[in-house]
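> Okay, predicted coordinates and the sequence, questions at the end:
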Amino acid sequence: MNENNHLLLVDDEALNRDMLSRRLRQHGFEVAEAADGPSALRQIEAGRPDLVLLDIMMPGMTGMEVLKALRATHAADQLPVIMVSALADSDQVVEALSLGANDYVTKPVDFPVALARIHNQLAHSADSRALRQSEERYAMVARGANVGLWDWDLVTGQIYYCERWKGLLGYRDDEIGQKPEEWFSRLHPSDADYVNEALRARQTGQSRGPCECELRMRHRDGSYRWMRWRGAPVMDASGQPVRMAGSMTDITDSKVLDPLTGLANRFLFTERLEEEFGAFRADPASKFGVLFLDIDRFKLINDSLGRLAGDQLLLAMAERLLRSVRGSASSRSSSRDLTARIGGDEFAAILCGLTDQAQALQVAQRILEGLREPFGLNDCGVFCTVSIGIAPCGPQYHTAAEIVRDAEAAMYAAKNKGRSRCELFDKGMRTRLTERTRLEHDLRAAIHDEQLAVHYQPKVRLRDGRICGFEALARWNHPLLGRIPPTEFIPLAEEIDVIHPLDMWVLRQACAQMQQWHAAFPSDPPLAISVNLSPRQFAQRGLVEQIAGVLRETGLEPPSLHLEITEGVLMDDQPLALDILTRLKALGVRLKIDDFGTGYSSLAYLAQLPFDTLKIDRSFTEQLFGGDCNSQIVKALLDMAHSLGMDVIAEGVEQSEQITHLISLGCEFGQGFFFSKAVGAQEAERLLAANLGAPRESAAALHVRAPEPLPS
């Protein structure tokens, strides 16, 4: 049975219906019959046939009236109608064709002619239906892909915009016409020249290939949406462009949103900032402020836990920032507030509708409070904070970029004051930021050109005053600014991510120097050199292999190298810390835990780690004369270390009474200004010659100079 073979024969004469329907059935058609117009319409409504043979002259409801009713609901390509008329009905045939009839046959019916015309209309109807279905499928795909189609007739100058094209700009199908102005009047002024030039090149035939660009179109709500525009010329037989056709796709989200966090990206942040600044310049009552945020020690977390955990932290941080900036119903918030990730671990927020600076400070404090709870990363809780700079708008600003510059300066001021805090911009911060930027450049150059120096502070055996080693410390004597304190340039090196090359340079210099001293000042046991591992260096991939390489290069025996590691580093990722420490221990070096008791101390955790020495922080040494309670704390630290098989060194020794007290408590070693500040290699050799060449009866005899108020 063929498809599209359902016919409806409408004729008031039964003989005509019978004769024609029998012959049609012989040719494979399924034929239904209707004796009048109303009956025909009911049958069509119940189950639409593929074609209607309709007699023009019928009593009651004429064939012409039936045709009008059909065309009110069924298009000519959806339901073909062939009129059956007498030869004398030519005027009515013309009228029927004008009303939407597809064809006609005359009575008496010439069956071969009628059969050919039926097949022709059915084939045309099938082709139209297939085309329509194809267009509908394409339209559904286009809608799902957020694509709007356009077709420009270059001869008439009119452009067909599909319904989806109009919808992308917020309009209904009947609200946009077919003129080019419907498009070009909505172009962003900054994009108009480029688009016009691309179109002109193809309209004149200078360029025959397709073109694609990203442009902004004004939406019905007044905002600009980013669109990816594609177009290609269509040539006639002579090679002249007669049409252009293409598509338009909304790419706003991918263009202006950060792909990881879903927050606004730097582009959208800058665009919105310009809008708010323009509104403020037009109406000074439209006040706003900018927050600039940077995650504290993010590089350490990213390096130690891995990039995936770092991304998870950024995503979780974005969620908390978004909640804090928006606030609650009872707090200051604006629907126009914008939170953005502007790069790496840097975020920013635009706070709109401010009445005073206090409101911006309240938002910043809410952000800090929202970060008190740890983040769940890699099945462990990680504490993470931010430093926040605040810059309210004001008449002193000539550009929006200046506000961001000052918010960033305030953020650096917050970091310099201890992190996890917010600072409101003042003019002095701009000067300090300029100085900091210059210092960053100079520090990079100093590290690259090896312009820093290594100084050595003696480590002394308290019971007899013998120097048993040194701690290697970096020093920087700036050619213009003079000596830069380590408390200033070491944190800077961490923030600008040059601490690893700096620390490795110190390690190499110190190991080479100690190897020379072993030859010049032999002792039993040999002198040891202590080198600090910074938090970022400890998380550096390949650290153990690099340290082993330095030992091979310098020839220093591993037991003579003592690596100092702060307690806080160990708490960030305990499994990783245990793995690295175990591998370092297998290398043969000795391990020293620094600042124990000043952070998240855990005796149970410390017992699992292969440390050889515990270093008592200077804050405890200074408290030895504060009463029995302070002495008991130091005694407890010593007993704990000894029970774990570790020896103890106290830093910050500045008075002979401290030495006496430390010896009575069982402390083996000490270092501090009482013995010597950190000195250059030549001065250290003088100390060694005086100390090892002339043994002392007590540690106090090593006191070679008055204490100086310098950082050790």
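Okay, I see it.
> Please count neighbours and contacts with C-alpha atoms only from this point.
Will do.
> give me the low-pLDDT residue ranges for the stretch 101-250 of the chain?
134-146 (pLDDT under 70).
> show me where it has helices.
Ranges of helices within the stretch 101-250 of the chain are 111-144, 163-168, 181-184, 189-203, based on DSSP state H, counting those that start in this stretch.
> and the third one, which residues are buried?
Spelled out, it's helix 181-184. Taking 16 or more other C-alpha atoms under 10 Å as the neighbour-count basis, helix 181-184 is seen to contain the buried residues W183.
> next one: it to chain centre, how far?
For helix 181-184, the distance between its averaged C-alpha position and the chain's averaged C-alpha position is 35 Å (C-alpha atoms, centre = their mean, to the nearest Å).
> got the contact list for that helix?
Contact partners of helix 181-184, identified using C-alpha atoms under 8 Å, 6 or more residues apart in numbering, comprise I176, A192.
> Could you rerun that using 7 Å?
By C-alpha atoms under 7 Å, 6 or more residues apart in numbering, the surrounding residues in contact with helix 181-184 are I176.
> Now do the helices in the stretch 601-712 of the chain.
In chain order, the stretch 601-712 of the chain shows helices spanning 603-606, 618-622, 628-643, 656-665, 681-693, with DSSP H, counting those that start in this stretch as the criterion.
> Okay, buried residues for the helix or strand containing F280 please.
In this structure, F280 is located in helix 266-282 according to DSSP states H and E. Judged by neighbour count (16+ other C-alpha under 10 Å), helix 266-282 contains these buried residues: R266, L268, F269, T270, R272, L273, E276, F277, F280, R281.
> again, but for stretch 99-117
Within stretch 99-117, the residues that qualify as buried by neighbour count (16+ other C-alpha under 10 Å) are G100, A101, N102, D103, Y104, V105, T106, A114, R117.
> what's the spacing between it and its chain's center?
Between the centre of stretch 99-117 and the centre of its host chain there is 69 Å, according to C-alpha atoms, centre = their mean.
> Output the below-cut-off pLDDT ranges for this structure.
Counting by pLDDT under 70, the chain contains low-confidence ranges at 1-4, 87-88, 134-146, 304, 326-335, 568-574, 595-605, 625-630, 693-712.
> For R230, list each beta-bridge partner.
For R230, the residues forming beta bridges with it (DSSP bridges) are E212, S247.
> which ones are touching it?
With the criterion set at C-alpha under 7 Å, 6+ apart, R230 makes contact with C211, E212, C213, G246, S247, M248.
> ok, now with 6 Å
By C-alpha atoms under 6 Å, 6 or more residues apart in numbering, the residues touching R230 are C211, E212, G246, S247.
> cool, and S238?
For S238, the contact set (C-alpha under 6 Å, 6+ apart) is empty.
> I'd like the distance between it and W150.
Using C-alpha to C-alpha, to the nearest Å, we find S238 at a distance of 24 Å from W150.
> One more: E271?
Distance from E271 to W150, by C-alpha to C-alpha: 29 Å.
> about what we covered before: out of the contacts of R230, the closest to A607 would be?
Distance from A607 was checked for each of the contacts of R230 by C-alpha to C-alpha. The minimum falls on E212, at 64.8 Å.
> Drop anything exposed from the contacts of R230.
If you count burial by 16+ other C-alpha under 10 Å, the buried members of the contacts of R230 come out as C211, G246, S247.
> Which residue, neighbours along the chain excluded, lies closest to S85?
Counting by C-alpha to C-alpha, 6 or more residues apart in numbering, S85 lies nearest to T106, which is 4.8 Å off, once chain neighbours are set aside.
> Would you confirm that that neighbour contacts D89?
No: in this structure T106 lies outside contact range of D89 using C-alpha atoms under 6 Å: 8.9 Å.
> Can you pull the residues that touch both of the two?
Common contacts of T106 and D89 (C-alpha under 6 Å, 6+ apart): none found.
> Which stretches in the stretch 301-450 of the chain count as helices?
For the stretch 301-450 of the chain, the helices defined by DSSP H, counting those that start in this stretch occupy 307-326, 357-370, 400-416, 427-448.
> Which one, of the ones you listed, ends up nearest to R200?
With respect to R200, and counting by C-alpha to C-alpha, the nearest of those is helix 400-416 at 35.8 Å.
> Show me which positions of that closest one end up buried.
400, 403-415.
> Return the alpha-carbon coordinates of it using CSV.
Coordinates of the C-alpha atoms in helix 400-416 are reproduced here as CSV (Å, rounded to 0.1, in the frame of the first residue of the first chain):
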residue,chain,number,x,y,z
ALA,A,400,37.3,53.8,36.9
ALA,A,401,40.7,52.1,36.7
GLU,A,402,42.0,54.4,39.3
ILE,A,403,39.5,53.1,41.8
VAL,A,404,40.6,49.5,41.2
ARG,A,405,44.2,50.6,41.5
ASP,A,406,43.6,52.1,45.0
ALA,A,407,41.5,49.1,46.1
GLU,A,408,44.4,46.8,45.2
ALA,A,409,46.8,49.1,47.1
ALA,A,410,44.5,48.8,50.2
MET,A,411,44.5,45.0,49.8
TYR,A,412,48.3,44.9,49.9
ALA,A,413,48.2,47.1,53.0
ALA,A,414,45.9,44.5,54.6
LYS,A,415,48.4,41.7,53.7
ASN,A,416,51.3,43.6,55.1
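> Any chance of the helices of the stretch 101-250 of the chain in TSV with distance to C422 as columns?
Output for the helices of the stretch 101-250 of the chain, formatted as TSV (distance: least, C-alpha to C-alpha, whole Å):
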stretch	distance to C422
helix 111-144	45
helix 163-168	42
helix 181-184	47
helix 189-203	38
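> To D258, which of the ones you listed lies closest?
Once C-alpha to C-alpha is applied to these, the stretch that comes out nearest is helix 163-168, at 21.8 Å.
> Residues touching the closest one, excluding its own?
G148, L149, D173.
> Can you select the buried ones among those for me in ChimeraX?
In ChimeraX, the members of the contacts of helix 163-168 classed as buried (16+ other C-alpha under 10 Å) are selected with the following command:
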select :148,149
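> picking up where we left off before, compile the buried residues of stretch 99-117 into JSON lines and extend it with columns for distance to T554.
Supplementary listing: the buried residues of stretch 99-117 in JSON lines, determined by distance: C-alpha to C-alpha, whole Å:
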{"residue": "G100", "distance to T554": "99"}
{"residue": "A101", "distance to T554": "101"}
{"residue": "N102", "distance to T554": "99"}
{"residue": "D103", "distance to T554": "102"}
{"residue": "Y104", "distance to T554": "105"}
{"residue": "V105", "distance to T554": "108"}
{"residue": "T106", "distance to T554": "112"}
{"residue": "A114", "distance to T554": "105"}
{"residue": "R117", "distance to T554": "101"}
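> Looking at those, spot the one nearest Q658.
Taking C-alpha to C-alpha as the measure, Q658 lies nearest G100 of the buried residues of stretch 99-117, at 112.2 Å.
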